[in-house]
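Q: Sequence and predicted structure, then a few things I'm wondering about:
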Amino acid sequence: MKTIWNNFKVAFAMYSKIPMPPADWEKENMKYALCFFPWVGLAVGAVSAVLFWLLQQIGAGSMLRAAVLTAVPVLVTGGIHLDGYLDTMDALSSWREKQRRLEILKDPHTGAFAVMGCVAYLLLTFALWTQPQGSGRWLTVQMMAVGFVLSRSMSALSVVSFPCAKSSGLVHSFSSAAQKRNVRIAAAVFAAACVLLWLWIHPLLGAVLTGCCLLNFWYYYRMSQKQFGGITGDLAGYFLQLNEIIILLASVLYTLSAR
């Protein structure tokens, strides 16, 4: 039981800014950490839903709601996945050879393409959150809340299933220390539960979102193998951020077309 608790603490300490008791970063305490990665998504989704409800109760306008819902994932996670997205944007936009792209991922400096990518990502997210009207607002929040969990489930699945680009780094550490079979099972169960919940909330939109996520997962695998020779922590963050904005985009477009 103590080992499970320590793995839980490692997952939240690594992937969120939610205060946690001190955790020992030992191999034993990282075996199942990725099993709890989707729980961070559950926290992001819960905070988003509660804040949305509170803003609705006080009659907040669409701009304030959009700003809060855009900021919540960054504030709860500390922007760790957004950082990976920005590093990947720099690397992909460099059009350099594979080894150089991997070096760019490790570079602590922020390039122009990362800045442009960040502005575009947050601006699009904000704009999308301003669009849903009436019952479409709550439907979008529900689908996104589930999407936060699904994106992390798929990201965890990739870490223990896809080849790593390097024999060092955070993803390799978690992948090496993880009990891969157990993590795969846990991630797959979370992912399946999310898909079933989507289909229960709204069968048609749930099916569309599931298809979009699977296509993005396929793109993530092919891109990481071709451009980097495997996945890294930055690429896993890139996938997660891309998956979340795809879910938001598809949900908003559906609610707009259904009006």
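A: Yep, that arrived.
Q: where does the closest residue to Q179 other than its chain neighbours land in three-state SS?
A: Nearest in space to Q179, with sequence neighbours left out and distances taken as C-beta to C-beta, 6 or more residues apart in numbering, is K31 at 4.9 Å. Backbone N, C-alpha and C define where each C-beta goes, glycine included. Secondary structure of K31, reduced to three states by DSSP: H, G, I helix; E, B strand; the rest coil: coil.
Q: Let me see the backbone angles for K31.
A: The phi/psi pair for K31 (degrees, to the nearest 10) reads phi -60, psi -40.
Q: do the same with G134
A: Recorded main-chain torsions at G134 are phi 60, psi -130, according to degrees, to the nearest 10.
Q: Now do it: how many residues are near it, please.
A: 9 (other C-beta atoms under 10 Å).
Q: That one and A258: what is the separation?
A: Distance, G134 to A258, by C-beta to C-beta, to the nearest Å: 10 Å.
Q: hmm, back to that, what pLDDT does the model give the residue nearest to Q179?
A: pLDDT for K31: 76.
Q: Pretty sure it sits against F8.
A: No: assessed by C-beta atoms under 8 Å, K31 is found out of contact with F8, at 11.9 Å.
Q: quick one, which of those two is more surrounded?
A: Applying other C-beta under 10 Å to K31 and F8 shows that K31 carries more neighbours, namely 21 against 18.
Q: what stretches of this protein score poorly on pLDDT?
A: 1-2, 25-29, 166-178, 259 (pLDDT under 70).
Q: just the helices in it please.
A: 2-15, 37-57, 62-77, 80-94, 98-106, 112-129, 135-159, 170-177, 180-201, 203-228, 233-257 (DSSP state H).
Q: helices and strands around the fourth one, which ones?
A: Meaning helix 80-94. helix 2-15, helix 98-106, helix 112-129, helix 203-228, helix 233-257 (3 or more C-beta pairs under 8 Å, 6 or more residues apart in numbering; DSSP states H and E).
Q: okay, those helices, which one's buried deepest?
A: Counting by mean count of other C-beta atoms under 10 Å, helix 233-257 has the highest mean neighbour count of these, with a mean of 22.
Q: Just give me how far that one sits from the chain centre.
A: Its chain's C-alpha centre and that of helix 233-257 lie 9 Å apart, by C-alpha atoms, centre = their mean, to the nearest Å.
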